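Undergrad: coords please:
(one chain, ligands or ions: 1)
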Amino acid sequence: SLELGSTTMSNYYSVIVHNSVQCNSTDTGPVVPTTSLVSFLETVQETALHAYGHKGFDPKLYVDLSLKQNLSTTIEAFEKLPRSENGSVSDHDLNGFIEKYLNGAGEDLVYAEPVDFVAEPEGFLPKVKNPKVRAWALEVHSLWKNLSRKVSGRVRESPDFHTLLPLKYPVMIPGSRFREVYYWDSYWVIRGLLTSEMYETAKGIVYNLLSLIDEFGYVLNGARAYYTNRSHPPLLSSMVLDIYNRTGDKDLIEKSLPALLKEHEFWNSGVHKVIVQDAEGSRHTLNRYYALWNKPRPESSTIDREIASKLSNTCEKTKLYRELASAAESGWDFSTRWMRDESDLTSLATTSIIPVDLNAFILKMELDITSLAHVIGDNKIAARFKEASEARKKAMNSIFWNAEMGQWLDYWLSNFDASKDAYTWNASSQNQKLFASNFVPLWIQLFNSDDEVVDEVLRSLQNSGLLCPAGIATSLTNSGQQWDFPNGWAPLQHMIVEGLVRSRSEQARSIAEDIAVKWIRTNYVAYKNTGNMHEKYDVEKCGDFGGGGEYVPQTGFGWSNGVVLAFLEEFGWPQDLKLDCP
Ligand SMILES: OC[C@H]1O[C@H](O[C@H]2O[C@H](CO)[C@@H](O)[C@H](O)[C@H]2O)[C@H](O)[C@@H](O)[C@@H]1O
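TA: All right, here's what the predicted structure looks like:
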């Protein structure tokens, strides 16, 4: 249900996207409407900020609350709360209201004993010889029990009372404030579950995500009503392929393929699709992040309003809200990668960038669909997607590849030629700043099987400054945003390490192993010091977890657990190698 408003798509692009200085027309791009419950909880969130103050305030908590009675009765009671002259409610009255009318955040997902969890799976991590590492790996494996949840019966009985979406199968949540399943996180969770031999749990997660495609046409950022306006880095085909490779379950492929085709269409149509004409005059289709939303993100509404308050007019604010939500769609919320001015979040321009990693993920989707279609004998689909993958590889080489740097670079959209309905490529629009995402294409077989490319990229990675004492940095800019220096994130370590390992280069494998050892050590030492696995780590210092961004550092943590298990499976750990920080 896209509402395009009165402006046509091409008008929309010329007024908003090409006009970054003047903003003289309200954003009328596609918007997926939110629910009345989400809007009401946003009002509670705003009221709570005034009542309780900024200290320790987490706006997401309020949109995760659920109703005890129907919405109109609840709104009526809320409106009757005594208010001061400036409209604020006292903390005492708000506490009373919340207690009486709302259930706590997290009560809608209840603990689910994973059906396939055993304390020590048979043949678990055979290459891990060191007893201390084995013991810790078993502890990390046991964390699946902490993160396993299923939707409570109450959500199924009255879905309108909850922002949680009623998924059929149990899920693994990332942890802490992230109380619901997340799209791209699930890929690394599944990688860990495969190491833990928890195949049924892994398949259940995939079936849940497939059901979101059935209902919404794409996989949502997360399984909440306030995430319906955007997707997340698309890795569903990778989940299906990896599970199939372990289990040989063809039924999973039969059930997934139609949804994967629908997801491919979502990314390759409408606002997510961009055409660029290269220096030789060839036209290439690539994709960008573009949230179907132009208001504050409900889970961070108070924060987004505050950021936007620096802007003077509604047009600029509306545009910024779309850029914030689109950055959330990218999974990199937030980063200087999407900012025109590194010190100013209001300069976010996510939709004006063609991202390297998104296109690598879609290339992988095309290759995965080709393989999956072959397995079930659908040669027509296999041929169609092989062709699509070849076209995308060419596009990535033309638009992103920078031979001097030996990296693929994000591309800033400029020079729109309306007569060709395409952007005209120019070298200066490649973003030459260093981001770990510049190396993500190496994860894709079409690139890591090319010895010459591997050599160049490896040299470039070694000279990049991104390889730090405790892992790969997200960028070289210390901006205070969480997807920047000095934070290192499990997904980025994993994709780059796995890309290096899958190449035929001995040197690449040895560098990959070195990164993995550093990453495992920092995860271990932080775990021993704090008792937790963390969402992100500080790559400057072994044993330190990361920080920055709009919420306090989170623990749990789905993708970090998954990557540690996957690394230990790949590399093992010799008897005599130290696990502590050097
Ligand atoms: O609440 C703020 C934002 O939180 C999420 O983003 C971060 O956590 C996710 C779950 O681990 C992760 O997938 C993402 O990469 C992180 O930046 C959420 O995905 C955002 O949509 C949300 O606005």
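
Undergrad: ok, for residue 487, nearest residue in space, not its chain neighbours?
TA: residue 546 (3.9 Å; CB to CB, 6 or more residues apart in numbering). Using the backbone N, CA and C atoms, a C-beta is placed for each residue, glycine as well.

Undergrad: could you do residue 138 as well?
TA: residue 120 (6.1 Å).

Undergrad: same question, residue 394
TA: Nearest to residue 394 is residue 284, by CB to CB, 6+ apart, at 7.0 Å.

Undergrad: list the buried ones in stretch 206-224?
TA: Neighbour counts over stretch 206-224 (16 or more other CB atoms under 10 Å) mark 206, 208-213, 216-224 as buried.

Undergrad: one step back: you'd agree the residue nearest to residue 394 is in a strand?
TA: Yes. Assessed with DSSP: H, G, I helix; E, B strand; the rest coil, residue 284 lies in a strand.

Undergrad: ok, it touching residue 276?
TA: Yes. In this structure residue 284 lies within contact range of residue 276 using CB atoms under 8 Å: 5.3 Å.

Undergrad: overlap of the contact sets of these two?
TA: In terms of CB atoms under 8 Å, 6 or more residues apart in numbering, residue 284 and residue 276 are both contacted by the residues 395, 399.

Undergrad: so, low pLDDT: which residues of this structure?
TA: 1-22, 24 (pLDDT under 70).

Undergrad: residues of the helix ranked longest in it that come out buried?
TA: In the chain, taking DSSP state H as the definition, the longest helix is helix 506-530. Residues of helix 506-530 classed as buried: 508-509, 511-513, 515-527 (neighbour count, 16+ other CB under 10 Å).

Undergrad: against which helices or strands is it packed?
TA: In terms of contacts (3 or more CB pairs under 8 Å, 6 or more residues apart in numbering; DSSP states H and E), helix 506-530 is packed against helix 131-142, helix 451-463, strand 471-472, helix 490-502, strand 537-538, helix 558-571.

Undergrad: the nearest residue to residue 484 once chain neighbours are set aside and residue 88, how far apart?
TA: With sequence-adjacent residues excluded and distances taken as CB to CB, 6+ apart, residue 484 is closest to residue 475, at 4.7 Å. According to CB to CB, to the nearest Å, residue 475 and residue 88 sit 40 Å apart.

Undergrad: between these two, who's got more neighbours?
TA: Higher neighbour count among residue 475 and residue 88: residue 475, with 25 against 16, using other CB atoms under 10 Å.

Undergrad: mind listing what that one touches?
TA: Per CB under 8 Å, 6+ apart, neighbours of residue 475: 335-337, 433-436, 466, 483-485.

Undergrad: switch the cut-off to 7 Å
TA: 335-337, 434-435, 484-485 (CB atoms under 7 Å, 6 or more residues apart in numbering).

Undergrad: what packs against the helix or strand harbouring residue 245?
TA: Using DSSP states H and E, residue 245 sits in helix 236-247. With contacts taken as 3 or more CB pairs under 7 Å, 6 or more residues apart in numbering; DSSP states H and E, helix 236-247 sits against helix 183-195, helix 199-216, helix 250-267, helix 356-375.

Undergrad: next, the buried residues of that helix.
TA: Per 16+ other CB under 10 Å, helix 236-247 contains these buried residues: 236-244.

Undergrad: now do that helix against helix 199-216, angle only.
TA: Per axes from the mean of the first three to the mean of the last three CA atoms, to 10 degrees, the angle that helix 236-247 makes with helix 199-216 is 150 degrees.

Undergrad: with distance to the ligand added, can I get the helices and strands packed on helix 236-247 in CSV?
TA: Shown next, in CSV, are the helices and strands packed on helix 236-247 (distance: least, CB to the nearest ligand atom, whole Å):
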stretch, distance to the ligand
helix 183-195, 5
helix 199-216, 14
helix 250-267, 17
helix 356-375, 12
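
Undergrad: tell me the most buried of the ones you listed?
TA: helix 183-195 (a mean of 26; mean count of other CB atoms under 10 Å).

Undergrad: that one vs helix 199-216, what angle?
TA: For helix 183-195 against helix 199-216, the angle by the same axes, to 10 degrees is 160 degrees.

Undergrad: orientation of helix 183-195 relative to helix 356-375 in degrees?
TA: Using the same axes, to 10 degrees, helix 183-195 lies at 50 degrees relative to helix 356-375.

Undergrad: who is residue 545 paired with across the strands?
TA: In this entry, residue 545 is beta-bridged to residue 537, by DSSP bridges.

Undergrad: how close does it get to residue 476?
TA: Applying CB to CB, the value for residue 545 to residue 476 is 20 Å.

Undergrad: do the same with residue 75
TA: Remark: distance between residue 75 and residue 476 (CB to CB) = 49 Å.

Undergrad: what do you get for residue 235?
TA: Distance, residue 235 to residue 476, using CB to CB: 26 Å.

Undergrad: so between the two, which is more surrounded?
TA: residue 235 (25 against 15).

Undergrad: residue numbers of the stretch 51-200 of the chain in contact with the ligand?
TA: With the criterion set to CB under 6 Å from any ligand atom, the stretch 51-200 of the chain comes near the ligand through 60, 174, 178, 182, 184-185.

Undergrad: closest one to residue 327 out of these, please.
TA: residue 184 (13.7 Å; CB to CB).

Undergrad: verify the stated contact: that closest one with residue 333.
TA: No. Using CB atoms under 7 Å, residue 184 is not in contact with residue 333, being 11.7 Å away.

Undergrad: got the contact list for residue 211?
TA: Residues in contact with residue 211 (CB under 7 Å, 6+ apart) are 167-168.

Undergrad: show me the contacts for the residue most central in space within the chain.
TA: Note on the chain: the residue nearest the mean C-alpha position is residue 331, at 3.1 Å, using CA atoms, centre = their mean. Residues in contact with residue 331 (CB under 7 Å, 6+ apart) are 184, 232-233.

Undergrad: for the stretch 301-450 of the chain, what spans make up the strands?
TA: 353-354, 401-402, 407-408, 411-412, 416-417, 422-424 (DSSP state E, counting those that start in this stretch).

Undergrad: could I get those as CSV with mean neighbour count and distance to the ligand?
TA: Output for these, formatted as CSV (neighbours: other CB atoms under 10 Å; distance: least, CB to the nearest ligand atom, whole Å):
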stretch, mean neighbour count, distance to the ligand
strand 353-354, 24, 17
strand 401-402, 16, 26
strand 407-408, 26, 20
strand 411-412, 20, 22
strand 416-417, 14, 29
strand 422-424, 19, 27
